[in-house]
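> have a look at this prediction, sequence included:
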Amino acid sequence: QTRIFSGIQPSGGLTLGNYLGALKRFVQKQDEGIETIYCLVDMHAITTWQDPEKLRHQTREAAAGFIAAGIDPARSILFNQSQVTAHAELAWIFNCVARMGWMSRMTQFKDKAGKNSENVSLGLYAYPALMAADILAYKATHVPVGEDQKQHIELTRDIALKFNNDYKVNFFPVTEPVIEGAATRVMSLRDGTKKMSKSDPSDQSRINLTDDADKIAQKFRKAKTDSEPLPDSLEGLAGRPDARNLINVYAALAEMTPEAVITQYAGAQFGTFKPALADLAVEKLSPITTKMSQLMQDPGEIDRILGEGAARADAIARPIVDQVYDIVGMIRSR
Ligand code: TYM
């Protein structure tokens, strides 16, 4: 039985990278009729300091973004992580299963901690064990993510296998990452060798789901590119990361293959391609932005949806975590 789980951190606004690499694909999985559970991981967000009011706002805004993009809270479970205590409980068990050496090899930790790893939170280090708990509290079989989360899913598999092995059970599934489509790694609009990220200091480097049509068009028109016309095949884009990124973004937005996009625009100058991309992006993203701001008019309704999702999530995760306590030998007598 296929069960999908995935999460997004509400540690900033949603970007085009989150949308194309994750959210758009979450909607597709839901629409295929698969059981889908989606989580705003507020506990992951605080591994780096968050202003409490902003965190609350960004969590609601991310929920609004999910719904505006097509997540239907009646068909998918949509909730924020901290409302379901199973995540924190299982994360502790996994802290005792995962090895220090495994965590030290996580490239996201190394990137985020930088040279000053003495002064980052313990939570940032343990982050992937909480992520494994998110997934395995539901015994999820498939996790759609962007390319940057691949290593964390591999760690989740290692934790599941070590748990099963240590306790001589066949309890947790070995989860598959689902990394599909033309935009599994959307790059910065200012530097095609860097990932588009909500934490980049330059707002010009990313498209935010809250950007209005003018802003979206302006950012694509100003996106960094070289001055060569587009080639007639993908091979011709080797060594041209900025151009390659824009082709991938176009492909993902238009639901075409990058090959088909390059065939359509073979020989075109960026003076032609960028406005076409800007128009396409506005056409696809503006309705989402508009719907999002409408939904944000009623924060109480968003909180209600998250609470209802949390109750449904808890009903799945609670018995699984109770079984885990039993497997590891903890007395449960009330
Ligand atoms: P986060 O919040 O950084 O990103 C959420 C999702 O968006 C994808 N993504 C991108 N995809 C393509 N191009 C980009 N530039 C880009 N930037 C982000 C990410 O790959 C991710 O799929 N650790 C996770 C959150 C998490 C989670 C989970 C995910 C917590 N628990 C359980 C799956 C399952 C994270 O920080 O994602």
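Thanks, I have it. Numbering: from 1, shown residues only.

> how distant is stretch 214-230 from the center of its chain?
25 Å (CA atoms, centre = their mean, to the nearest Å).

> pLDDT of it, averaged?
Per-residue pLDDT values across stretch 214-230 average out to 96.

> low-confidence bits of the stretch 101-250 of the chain, can you list those?
Nowhere does the stretch 101-250 of the chain drop to pLDDT under 70.

> neighbours around whatever residue of the stretch 101-250 of the chain ends up closest to the ligand, how many?
Residue nearest to the ligand within the stretch 101-250 of the chain (CB to the nearest ligand atom): G146, separated by 2.4 Å. Placement of C-beta: from N, CA and C, glycine included. Around G146 there are 21 other residues, counting by other CB atoms under 10 Å.

> now it: how far from M187?
Computed as CB to CB, to the nearest Å, the G146 to M187 distance reads 11 Å.

> with Q297 instead?
Counting by CB to CB, the gap from Q297 to M187 is 34 Å.

> looking at those two, which is more packed in?
Between Q297 and M187, counting by other CB under 10 Å, M187 is the more crowded of the two (25 against 9).

> and the closest residue to the more buried one other than its chain neighbours, how many neighbours does it have?
Spatial nearest neighbour of M187, excluding adjacent residues (CB to CB, 6 or more residues apart in numbering): N245 at 4.1 Å. Residues near N245, counting by other CB under 10 Å, number 24.

> next up, the contacts around N245.
The neighbourhood of N245, defined by CB atoms under 8 Å, 6 or more residues apart in numbering, consists of V186, M187, L189, G192.

> turn those into CSV, including distance to D214 and secondary structure.
What follows is the contacts of N245, written out as CSV (distance: CB to CB, whole Å; DSSP: H, G, I helix; E, B strand; the rest coil):
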residue, distance to D214, secondary structure
V186, 21, coil
M187, 23, strand
L189, 16, coil
G192, 24, coil
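
> for F79, state which of the residues you listed is nearest.
V186 (25.9 Å; CB to CB).

> can you tell me the helix or strand for the closest residue to the closest one other than its chain neighbours?
Nearest non-adjacent residue to V186, counting by CB to CB, 6+ apart: G17, 3.9 Å away. For G17, the host element (DSSP states H and E) is helix 16-18.

> picking up where we left off before, identify the residues contacting the residue nearest to V186.
G146, A183, R185, V186, K195, M196, S197, R206.

> R157 now?
R157 neighbours (CB under 8 Å, 6+ apart): V174, T175.

> check which helix or strand covers it.
Using DSSP H and E, the element containing R157 is helix 150-166.

> for the helix or strand harbouring D326, packing partners?
Assigned by DSSP H and E, D326 falls within helix 299-328. Under the contact definition 3 or more CB pairs under 8 Å, 6 or more residues apart in numbering; DSSP states H and E, helix 299-328 sits against strand 35-40, helix 52-69, strand 76-80, helix 86-95.

> pLDDT (mean, whole number) over it?
For helix 299-328, the mean confidence score works out to 98.

> lovely, talk soon.
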